[in-house]
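> can't give you the sequence, but here's the structure:
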């Protein structure tokens with residue numbers, strides 16, 4: 001009887017040794033994701049997370065090896081609720097947990113304060129948050145993988161002036177770091193392009209009723225209203241513009257360039273709504289259709305605004321790890337700063353601040369509730 005126990009124990013020991021050997025041949029790289037996974041913007045947070053998840057799964061299937069060891073990527077996704085305080089807590093949690101690579105935060109208001117925590121912990125961050133202040137803080141290893149508000153707001157203004165021949169506009173912003181920054185950039189570029197800014201009103205990113213500010217703008221007879229804010233407000237705003245009989249077009253940035261805008265705004269969201277989004281057209285990008293097909297197959301949904309950018313960001317990290325034969329954040333960050341990565345949504349090459357050297361902007365309108373690209377501008 002004792003012999004069988006011994007044989008069993010030996011077999012177990014051998015299996016443990018094999019498992020330990022396999023583990024020794026593997027380096028785990030945890031990729032953090034911080035985004036709004038609950039609340040009104042959860043659709044964006046989940047879409048972004050799915051983009052990162054698809055990349056992680058692909059890298060693990062490849063697999064990637066460094067120094068004879070296989071890298072096993074793990075996605076650690078946290079809900080920052082689109083809230084600055086929660087976002088700083090998430091950053092601290094990820095940093096304390098040893099996560100050294102992060103995609104997100106999505107919201108500028110979250111990314112700006114959270115970036116200090118990440119910088120202090122030596123974390124490499126790739127964010128789509130577009131407020132120019134994010135990269136003006138001087139943090140190393142912080143990369144904006146998207147156009148900034150300067151590009152999104154100013155290109156929308158140029159398109160409105162040159163292509164739509166709009167002369168008078170009004171501006172509404174939601175007072176978030178993102179909305180305010182975007183609205184100011186639009187206003188500056190609109191005036192430079194010869195447009196009159198006839199009014200600037202303020203709301204919040206929790207509001208649903210915009211009748212009082214729209215009623216204030218109505219007698220100004222503006223041809224367009226630019227909204228610095230997100231789709232959960234943009235959709236109802238489009239409905240209320242129509243209900244009040246205001247003929248103005250509704251313009252905005254990337255955060256209203258989403259199917260959610262059509263869902264919330266119904267038939268009040270059509271050719272009357274225009275928005276600017278960073279990146280070239282996915283359909284026109286060489287690997288765009290392939291990415292869309294993979295994403296659809298895996299998640300049974302179309303990728304929304306930034307899924308491709310998050311997917312690219314994870315691959316950007318992995319390419320730099322291979323180039324440096326290291327998972328050390330300082331080495332990997334330096335390689336990203338100095339190098340270039342050809343992704344689905346664009347070519348990622350960064351200036352000294354961590355902004356993309358070239359980020360095309362695409363102007364969209366809506367057809368059948370879905371964003372429909374007009375032109376890259």
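Arrived safely. Please read these numbers as outputs of a predicted model, since none were measured by experiment. Numbers count the residues shown, from 1 in each chain.

> Surely residue 199 touches residue 221?
No: the criterion here is C-beta atoms under 8 Å, and residue 199 misses it with residue 221 at 10.8 Å. Every residue, glycine included, has its C-beta placed from N, CA and C.

> More neighbours: those two, which one.
Per other C-beta atoms under 10 Å, whichever of residue 199 and residue 221 has more neighbours is residue 199, with 17 against 12.

> Run through the bridge partners of that one.
Beta bridges link residue 199 to residue 170, judged by DSSP bridges.

> ok, so what distance separates it from residue 214?
11 Å (C-beta to C-beta, to the nearest Å).

> Equivalent analysis for residue 153, please.
21 Å.

> Looking at these two, which is more packed in?
Higher neighbour count among residue 153 and residue 214: residue 153, with 30 against 20, using other C-beta under 10 Å.

> Backbone dihedrals for the closest residue to that one other than its chain neighbours, please?
In this structure, residue 153 finds its nearest non-sequential neighbour in residue 185, 3.0 Å apart by C-beta to C-beta, 6 or more residues apart in numbering. Dihedral angles phi and psi of residue 185 (degrees, to the nearest 10) take the values phi -60, psi -40.

> Please apply the same query to residue 374.
Phi and psi for residue 374, reported as degrees, to the nearest 10, are phi -100, psi -50.

> Now for it: which residues touch it?
Contacts for residue 374 (C-beta atoms under 8 Å, 6 or more residues apart in numbering) come out as 274, 362-365.

> now residue 139
115-116, 118-119, 354.

> what do you get for residue 152?
130, 182, 185, 253-254, 276-278, 361.

> ok, 10 Å please
For residue 152, the contact set (C-beta atoms under 10 Å, 6 or more residues apart in numbering) comprises 130, 146, 181-182, 185-186, 228, 252-255, 257, 275-278, 359, 361.

> before we move on, what about residue 223?
By C-beta under 10 Å, 6+ apart, the neighbours of residue 223 are 160, 164-170, 195-196, 198, 247-249.

> please redo it, this time with the cut-off set to 7 Å
166-169, 248-249 (C-beta atoms under 7 Å, 6 or more residues apart in numbering).

> can you count the residues close to residue 63?
By other C-beta under 10 Å, 12 other residues sit near residue 63.

> my bad, should have said residue 331
16.

> Leaving out sequence neighbours, find the closest residue to it.
Residue 331's closest residue in space is residue 324 (C-beta to C-beta, 6+ apart), at 4.5 Å.

> what pLDDT does that neighbour get?
As summarised for this prediction, residue 324 has a pLDDT of 98.

> one step back: which residue in the contacts of residue 374 has the weakest pLDDT?
For the contacts of residue 374, the pLDDT minimum is residue 362, 91.

> Wait, a helix at that residue?
No: counting by DSSP: H, G, I helix; E, B strand; the rest coil, one finds residue 362 to be strand, located in no helix.

> For it, give me its contacts.
Contacts of residue 362 (C-beta under 7 Å, 6+ apart): 277, 279-281, 373, 376.

> Now, these that are in strands?
Judged by DSSP state E, the subset of the contacts of residue 362 located in strands is 277, 373, 376.

> who wins for most neighbours among the residues you listed?
Per-residue neighbour counts (other C-beta under 10 Å) across those peak at residue 277, which has 28 neighbours.

> Which stretches in the stretch 101-250 of the chain count as helices?
Secondary structure of the stretch 101-250 of the chain, counting by DSSP state H, counting those that start in this stretch: helices at 108-120, 133-136, 149-162, 177-192, 211-217, 231-243.

> Would you format those as CSV with distance to residue 317 and mean pLDDT included?
Shown next, in CSV, are those (distance: least, C-beta to C-beta, whole Å; pLDDT from 0 to 100):
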stretch, distance to residue 317, mean pLDDT
helix 108-120, 14, 98
helix 133-136, 18, 96
helix 149-162, 24, 94
helix 177-192, 24, 96
helix 211-217, 42, 98
helix 231-243, 28, 98
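
> Which among the ones you listed is found nearest to residue 341?
helix 133-136 (17.6 Å; C-beta to C-beta).
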